[in-house]
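Visitor: next comes the sequence, and after it the predicted model I'd like to discuss.
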Amino acid sequence: MAEGAIIVEKLGIRFKRNRSARRNFKDLFAGRERRRRPAEFWPLRDVSFTVTPGEAIGVVGRNGQGKSTLLKLVAQVMLPDEGRVIVDGGVAPLIEITGGFVNDLSVRDNVTLTAGLHGMTSKEIAERFDEIIAFAELEDFVDTPYKHLSSGMKVRLAFSVISRLEEPIILVDEVLAVGDAAFKAKCYQRIEELLAGGRTLFFVSHSEKDLLRFCTRGLYLDKGRLVLDAPIREVVDRYRADYGVGGA
Amino acid sequence: MTLAADSALPRARRRWSPLTRYRRSLWLLTTRDLKVRYSTSALGYLWSILDPLVMSAIYWFVFTLVFDRPVGEKPYIVFLLAGLLPWMWFTGAVSDSTRAFTKEAKLIRSTTIPRTIWVARLVLSKGIEFVASIPVLLVFVVFAGATLHLEAAWWVLAIVLQAALTLGIGLLVAPLVVFFRDLERAVKLVLRFLFYASPIIYGLGDLPEWARFWGMFNPLAGIFSLYRSAFFPGQLDWLAVGISAAMSLVLLAVGFLVYRASIRRVLKEI
């Protein structure tokens, strides 16, 4: 298996429809069959596909059809109940990107921490530190506590760190909806650079324009199933035909 | 901006061995915890030792000046601190582990580091604070005139056992709190009970005959007897240590099993 490849086999994940469903200790030790309750549903089930390195894949579907769940499963921050995900190489997840930052620490400490947790060595962090700060346009705020940054600055910093991870796979989950137009353009340019560099991209968006711009192949998810796996143009057209909506 | 070809190309990845990755991530998060604690208050270190010191002062006052009932050994303040400081480690790590997943939910949802780290880092950072508090104990040893015996070497065993025990309980508690929210309160209550049920303000030998045997089944009893043997060799009770060691290992195994069985659901719930 080549670096950057992803294999998804008969993937399924189960959630409780009613989060406040009463739970008792007995459930934990009961067998799989007894644990299955009527109030459960499968946001994703029986999804299989293979991604070759360097492909750019757009995930299309209405809200709540399992797009973000699929990304989390590929990022392996959620574990499937059925089937499996095999990912060769590391993943740079642009999902909940500001999550890992600590309010009380400075920008500098936060960069070191987040990059380190994603697997960068101290040497690599030191080498790229200036580049990360410059991209985020935070040169004057290196020693400012993270909590004093504006929400736009936070997203800029997070995008800057994660997009410098040098991982062969990038996952983008509508994070770019935030931030001003100028920064958004910069992010898009960065994604294009990464694509040109041979990265594998997984892109979730409701924007037809963005999907067509970055992606070559589309996955259309509906009611937890993979309905269509085809070139992006075809997938977008089918989605529009099904729901009568265009892109932004 | 021009296309920065060299930075955009995925270079040959170094692959961390799983152990290196575990160690590195654990260390990053532990130092982060300590850094946050000490950067937000100027008196960081002082705060972490002030709590056991104030408590020691209270118990010392009550048991040596108010009541004339002999418990423990003299100097009582050293006897007390030798139990109280490790207790602070245990109680701090266990009560923090009730929030191990909920407090860091966002970070857990965005990184793939081995997930036992979320509990292990609490045991480690509280353990480091414990080790950092040892000099305070030594100051009291000098001024209260206690003698340091060769049994001090057992501290290494005590620290290893206590780390295993605390990690086991943490791994058990952390995922269960995600499903049963009221467990957080239950744990606090149990910890308060356990403070008096453990040989901290007294020694195992101060218990009445019938309670002594059952008291050994508190895994902290044997561990605290190891710590105390450094100053009071008579406190060392190998039967209690054996029971502690066995229980610590069993709890560690149970903790791992419960953790492994529930992590999938934890990731969905947080």
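Guide: Cool, got the structure.

Visitor: list the helices and strands the host helix or strand of B:Val187 packs on?
Guide: Assigned by DSSP states H and E, B:Val187 belongs to helix B:183-197. On a contact count with 3 or more CB pairs under 8 Å, 6 or more residues apart in numbering or on different chains; DSSP states H and E, helix B:183-197 meets helix B:76-97, helix B:154-179. (C-beta placed from N, C-alpha, C; glycine too.)

Visitor: report the secondary structure state of A:Gly89.
Guide: Per DSSP: H, G, I helix; E, B strand; the rest coil, the secondary structure class of A:Gly89 is coil.

Visitor: now the residue of the stretch 1-150 of chain B found nearest chain A: how far from B:Pro175?
Guide: Closest residue of the stretch 1-150 of chain B to chain A, CB to the nearest CB: B:Lys106 (2.9 Å). According to CB to CB, to the nearest Å, B:Lys106 stands 18 Å off from B:Pro175.

Visitor: cool, A:Val172 as well?
Guide: According to CB to CB, A:Val172 and B:Pro175 sit 30 Å apart.

Visitor: for A:Ile162, find the nearest of the helices and strands packed on helix B:183-197.
Guide: Nearest to A:Ile162, of all the helices and strands packed on helix B:183-197, is helix B:154-179, at 26.3 Å by CB to CB.

Visitor: any buried residues in the closest one, and which?
Guide: Neighbour-count burial for helix B:154-179 flags B:154-155, B:158-159, B:161-179 (criterion: 16 or more other CB atoms under 10 Å in any protein chain shown).

Visitor: and A:Gly224, what's its pLDDT?
Guide: For A:Gly224, the pLDDT comes out at 86.

Visitor: in a markdown table, list the helices and strands packed on helix B:183-197 along with mean pLDDT and distance to chain A.
Guide: Shown next, in a markdown table, are the helices and strands packed on helix B:183-197 (pLDDT from 0 to 100; distance: least, CB to the nearest CB, whole Å):
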| stretch | mean pLDDT | distance to chain A |
| --- | --- | --- |
| helix B:76-97 | 94 | 16 |
| helix B:154-179 | 95 | 5 |
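
Visitor: how about those helices in CSV, adding distance to A:Ser68?
Guide: Shown next, in CSV, are the helices and strands packed on helix B:183-197 (distance: least, CB to CB, whole Å):
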stretch, distance to A:Ser68
helix B:76-97, 29
helix B:154-179, 20
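
Visitor: so for A:Glu131, which of these sits nearest?
Guide: Using CB to CB, the nearest of the helices and strands packed on helix B:183-197 to A:Glu131 is helix B:76-97, at 36.0 Å.

Visitor: so after that closest one, what's the next helix or strand?
Guide: Reading on from helix B:76-97 to the C-terminus, the next helix or strand found by DSSP H and E is helix B:100-103.

Visitor: low-confidence ranges in chain A?
Guide: Along chain A, the parts satisfying pLDDT under 70 run over A:1, A:18-38, A:175-179, A:245-248.

Visitor: do the same with the stretch 151-270 of chain B
Guide: Judged against pLDDT under 70, the stretch 151-270 of chain B has no low-scoring part.

Visitor: so which bits of the stretch 101-250 of chain B are right by chain A?
Guide: Taking CB under 8 Å from any CB of the partner chain as the contact definition, the stretch 101-250 of chain B meets chain A at B:Ala105, B:Lys106, B:Leu107, B:Ile108, B:Arg109, B:Ser110, B:Thr111, B:Thr112, B:Ile113, B:Phe179, B:Phe180.

Visitor: which non-adjacent residue is nearest the residue in chain A that chain B sits nearest to?
Guide: Across chain A, the shortest distance to chain B (CB to the nearest CB) belongs to A:Gly99, at 2.9 Å. Spatial nearest neighbour of A:Gly99, chain neighbours left out: B:Lys106 (2.9 Å); criterion: CB to CB, 6 or more residues apart in numbering or on different chains.

Visitor: check A:Glu96 too.
Guide: Excluding its sequence neighbours, the residue lying closest to A:Glu96 (CB to CB, 6+ apart) is B:Ser110, at 4.8 Å.

Visitor: burial of the one you found, as a residue count?
Guide: 23 (other CB atoms under 10 Å in any protein chain shown).

Visitor: what's it in contact with, if anything?
Guide: For B:Ser110, the contact set (CB atoms under 8 Å, 6 or more residues apart in numbering or on different chains) comprises A:Ala75, A:Val77, A:Pro93, A:Ile95, A:Glu96, A:Ile97, A:Gly99, A:Gly100.

Visitor: and with 7 Å instead?
Guide: Contacts for B:Ser110 (CB atoms under 7 Å, 6 or more residues apart in numbering or on different chains) come out as A:Val77, A:Pro93, A:Ile95, A:Glu96, A:Ile97, A:Gly99, A:Gly100.

Visitor: the fifth one contacts A:Ile162, correct?
Guide: This means A:Ile97. Yes. Using CB atoms under 7 Å, A:Ile97 makes contact with A:Ile162 at a distance of 5.6 Å.

Visitor: ok, B:Leu226 to chain A distance?
Guide: As judged by CB to the nearest CB, to the nearest Å, B:Leu226 and chain A stand 34 Å apart.

Visitor: so that residue is in which element?
Guide: Using DSSP H and E, B:Leu226 sits within helix B:219-229.

Visitor: after that helix, which helix or strand is next?
Guide: Next along the chain after helix B:219-229, taking DSSP H and E as the criterion, comes helix B:238-269.

Visitor: near chain B, which residues of chain A are found?
Guide: A:15, A:23, A:28, A:75-79, A:81, A:89-90, A:93, A:95-97, A:99-100, A:102, A:104-105, A:109, A:113, A:116-119, A:166, A:168, A:189, A:193-194, A:196-199 (CB under 7 Å from any CB of the partner chain).

Visitor: quick one, which of those are buried?
Guide: Burial by neighbour count, 16+ other CB under 10 Å: within the residues of chain A next to chain B this picks out A:15, A:28, A:75, A:77-79, A:81, A:89-90, A:93, A:95-97, A:99-100, A:102, A:105, A:109, A:113, A:116-119, A:166, A:168, A:193-194, A:197, A:199.

Visitor: show me these that map onto helices.
Guide: Members of those lying in helices (criterion: DSSP state H): A:Leu28, A:Ala75, A:Asp109, A:Leu113, A:Gly116, A:Leu117, A:Glu193, A:Leu194.

Visitor: would you turn the residues you listed into JSON lines with distance to B:Ile263?
Guide: Shown next, in JSON lines, are these (distance: CB to CB, whole Å):
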{"residue": "A:Leu28", "distance to B:Ile263": "12"}
{"residue": "A:Ala75", "distance to B:Ile263": "16"}
{"residue": "A:Asp109", "distance to B:Ile263": "28"}
{"residue": "A:Leu113", "distance to B:Ile263": "23"}
{"residue": "A:Gly116", "distance to B:Ile263": "23"}
{"residue": "A:Leu117", "distance to B:Ile263": "18"}
{"residue": "A:Glu193", "distance to B:Ile263": "36"}
{"residue": "A:Leu194", "distance to B:Ile263": "31"}
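
Visitor: tell me which of the residues you listed is nearest to A:Arg217?
Guide: Lowest distance from A:Arg217 to these (CB to CB) belongs to A:Leu194, with 16.7 Å.

Visitor: wait, what's in contact with B:Glu184?
Guide: Applying CB under 7 Å, 6+ apart, we find B:Glu184 in contact with B:Thr98, B:Val177.
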